[in-house]
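# Sharing a sequence plus its predicted fold:
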Amino acid sequence: MKLRHHPMGMDCCVDRRKVVQGLSGLALGGLSLAQRGKKRIKLAFCSQLLCIIPYEVAQRRGYFAEEGLEVELVYARGGAQALQFLVGKAVDYAATSLDAALQAYRQGAPIVRVLSTGRLPLFALAAGPKSTVRSVPDLQGKTVGISALGNADHVLLVYLLKKAGVDPRRVQYATLGPNLYEALRAGHVEVGMVQEPALTLLKEAGGREIVNLMDLKQAQAYLGGAYEFMGVAVRREEREARLGEIKAMARALEKALRFVHAADARLIADTLPKALIAGGDEERLKAVIQRYRKDLYPTSVRIDLEAARRVAESQVEAGLLPPSFKVESLLDLEVVGATG
């Protein structure tokens, strides 16, 4: 599989069609499913590499198989598409950010979220090399780069501003698409919401992080705690019939999460499909995994209710959800329990 190197986002580097074909081939190879006695399911997810890790680890290290599951991982172009696959019954489950699930649910998607695999957003507020911005209050009167209005990075920025006592109306927003690195490095915009490895590259170019929400201590300081991110949803009408496989998936993903916490980043990276990292900077990828693995990923798939409420609150603050919205209406806190 030939991949393109793209310094701005790991999810930009994947030839997803070929990855899907390759994974499908793996899923279909060898003995028949009936011979193996495993339940076959399809799970779609957004293709940001840091979201994928627990699922690929569970697949590659055989944790799904140990729990009697034959899982086909389907790479979608973002969380919205993964959820479209779920609602359209092209897949059985969708693993996405809670932001994406909330918006789909608000628009009528008959889904319920049952598991969690990520407890922090994949964004940092960063300044370019020429910027004078040192803190969130410094953003007043400034222009901040975001991917698009209403996207997760914009919603999170508005929430961050309000938490810091800054009126979001006193900040201008430049919509620059997902790749802000060049605009920040060149000084076209002073500050922006970036992901990895753009943050690392920007710091190497002389920029700096203002708030890194992939860091648990900083998330606690700036947001008040964890911020529910990646997790698994299923069609609500099928929840009862799929209880057994949901619990099996939960056990498999918890094994993967414990592996991610315990293993060296090099071993984690080596567990990922080569197609995901070939053509990129593998050493930088391993450094990113090493820095964030214990912060981004919980050790349990139980949904953190308080972390989920923060996400809903951020969408209310951004005007995407009504003030009366209760995030519990989307969550199933009984299948594997909840925290918070």
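That came in fine, so what should we check first? From a predicted model like this one, the values you see are computed outputs, not experimental measurements. Numbers count the residues shown, from 1 in each chain.

# For A233, what are phi and psi?
phi -120, psi 150 (degrees, to the nearest 10).

# Return the residues in contact with it.
By CB atoms under 8 Å, 6 or more residues apart in numbering, the residues touching A233 are L83, L86, Y93, A94, A95, T96, A101, I111, V112, R113, V114. In short, each C-beta sits where N, CA and C put it, glycine included.

# OK, contacts around the fifth one?
Residues near A95 by CB under 8 Å, 6+ apart: L43, A44, F45, C46, C51, Y55, A82, T117, M230, G231, V232, A233.

# returning to that earlier point: closest one of the contacts of A233 to T175?
T96 (21.7 Å; CB to CB).

# how many neighbours does K203 have?
As a burial measure, K203 scores 15 neighbours (other CB atoms under 10 Å).

# For G187, grab the count of nearby residues.
By other CB under 10 Å, the residues close to G187 number 11.

# Narrow the contacts of A95 to just the buried residues.
Listed as buried from the contacts of A95 are L43, A44, F45, C46, C51, Y55, A82, T117, M230, G231, V232, A233; burial here means 16 or more other CB atoms under 10 Å.

# which residues in the stretch 201-340 of the chain form strands?
Assigned by DSSP state E, counting those that start in this stretch, the strands in the stretch 201-340 of the chain fall at 208-212, 230-235, 303-304, 338-339.

# What strands flank the second one, and is each parallel or antiparallel?
Translated: strand 230-235. The pairing partners recorded for strand 230-235 under DSSP bridges are strand 93-97 (antiparallel), strand 111-116 (antiparallel).

# State the mean pLDDT of the shortest one.
The reference is to strand 93-97. Taken as a whole, strand 93-97 has a mean pLDDT of 96.

# Then stretch 151-169?
94.

# Distance from that stretch to the middle of the chain?
Put simply, stretch 151-169 sits 19 Å off its chain's centre (CA atoms, centre = their mean, to the nearest Å).

# buried residues in it?
Neighbour-count burial for stretch 151-169, counted by 16+ other CB under 10 Å, picks out 151-161, 163, 166, 168.

# Where helices are concerned, which of those residues count?
Judged by DSSP state H, helices contain the following of these: A152, D153, H154, V155, L156, L157, V158, Y159, L160, L161, K163.

# Reformat the residues you listed as JSON lines; add distance to E238.
Listed next are those as JSON lines, based on distance: CB to CB, whole Å:
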{"residue": "A152", "distance to E238": "27"}
{"residue": "D153", "distance to E238": "32"}
{"residue": "H154", "distance to E238": "33"}
{"residue": "V155", "distance to E238": "29"}
{"residue": "L156", "distance to E238": "31"}
{"residue": "L157", "distance to E238": "36"}
{"residue": "V158", "distance to E238": "35"}
{"residue": "Y159", "distance to E238": "33"}
{"residue": "L160", "distance to E238": "37"}
{"residue": "L161", "distance to E238": "40"}
{"residue": "K163", "distance to E238": "38"}
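
# before we move on, the earlier item: okay, the contacts of A95 in TSV with distance to D138 next?
Listed next are the contacts of A95 as TSV, based on distance: CB to CB, whole Å:
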residue	distance to D138
L43	42
A44	40
F45	36
C46	32
C51	30
Y55	38
A82	36
T117	34
M230	31
G231	34
V232	38
A233	38
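
# and of those, the nearest to Y173?
The nearest member of those to Y173, counting by CB to CB, is C46 at 22.7 Å.

# Tell me who's in contact with the closest one.
Applying CB under 8 Å, 6+ apart to C46 gives the contacts D11, A76, R77, G78, G79, Q81, A82, A95, T96, S97, A100.
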